[in-house]
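In: build me a structure from this.
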Amino acid sequence: MGDRSITAVLNLINEISALLASRESFNRNDRYGLAPQMQRAAGIIVSSLRSGWMQQSHEEQSVLFERAFSTLRELHYQIGLAFRLGYVDEEYHRVCNSKADEARKLLAGLIASLRLESYRESEREKRTPKDILPGIHIAPAV
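Out: Below is the predicted model of the structure:
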């Protein structure tokens with residue numbers, strides 16, 4: 001699930017960025033600096049995903065992927081704000097929202113599986129030989 005999910009999310013973010021860059025009217029009418037904020041958010045998402053994927057620990061991966069997830073939610077809000085301000089048309093809004101929703105779902109699933117794996121690892125570390133081999137008495141070392 002991991003490799004395909006990360007690749008899919010990165011592709012969706014790249015598509016959103018490309019759509020944003022193609023909107024000259026957006027950039028011309030943007031009095032609030034929303035377009036640069038959206039580009040920055042897309043960059044943070046990509047950086048967090050790539051950094052997270054390089055981590056060895058599921059816990060460290062989860063932290064970076066959660067950062068990407070929260071930034072993705074911010075980008076999703078900004079897409080809606082751009083629509084409400086009249087910077088983008090309904091079609092652009094619908095397409096970007098759809099892509100952001102799909103990326104959010106993929107990333108949420110990936111984070112959930114990492115949390116589960118991290119929990120399983122922590123539970124394995126807590127076990128003693130007695131837990132692993134029930135009914136077998138292990139004498140203390142002399």
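In: give me the mean pLDDT for whichever strand or helix holds Tyr77.
Out: Assessed by DSSP states H and E, Tyr77 sits inside helix 58-84. On average, the pLDDT along helix 58-84 is 90.
In: check which helices and strands it sits against.
Out: For helix 58-84, the elements it packs on are helix 2-21, helix 34-54, helix 90-126, judged by 3 or more CB pairs under 8 Å, 6 or more residues apart in numbering; DSSP states H and E. Heads up, the C-betas are built off the backbone N, CA and C, glycines and all.
In: would you list these in CSV and tack on distance to Gln61?
Out: Compiled in CSV, these are given as follows (distance: least, CB to CB, whole Å):
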stretch, distance to Gln61
helix 2-21, 9
helix 34-54, 5
helix 90-126, 5
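In: now these as CSV including mean neighbour count, distance to Ser62 and mean pLDDT?
Out: Output for the helices and strands packed on helix 58-84, formatted as CSV (neighbours: other CB atoms under 10 Å; distance: least, CB to CB, whole Å; pLDDT from 0 to 100):
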stretch, mean neighbour count, distance to Ser62, mean pLDDT
helix 2-21, 16, 12, 77
helix 34-54, 18, 8, 88
helix 90-126, 15, 4, 84
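In: right, so of these, which gets closest to Gln78?
Out: Smallest distance to Gln78 across these (CB to CB): 4.9 Å, for helix 34-54.
In: could you measure from Leu34 over to Ser17?
Out: From Leu34 over to Ser17 the distance is 14 Å, taken as CB to CB, to the nearest Å.
In: for the nearest residue to Ser57 once chain neighbours are set aside, what are its contacts?
Out: Counting by CB to CB, 6 or more residues apart in numbering, the nearest residue to Ser57 once its immediate chain neighbours are dropped is Ser118, at 7.8 Å. Remark: with contacts taken as CB atoms under 8 Å, 6 or more residues apart in numbering, Ser118 is in contact with 57-59, 62.
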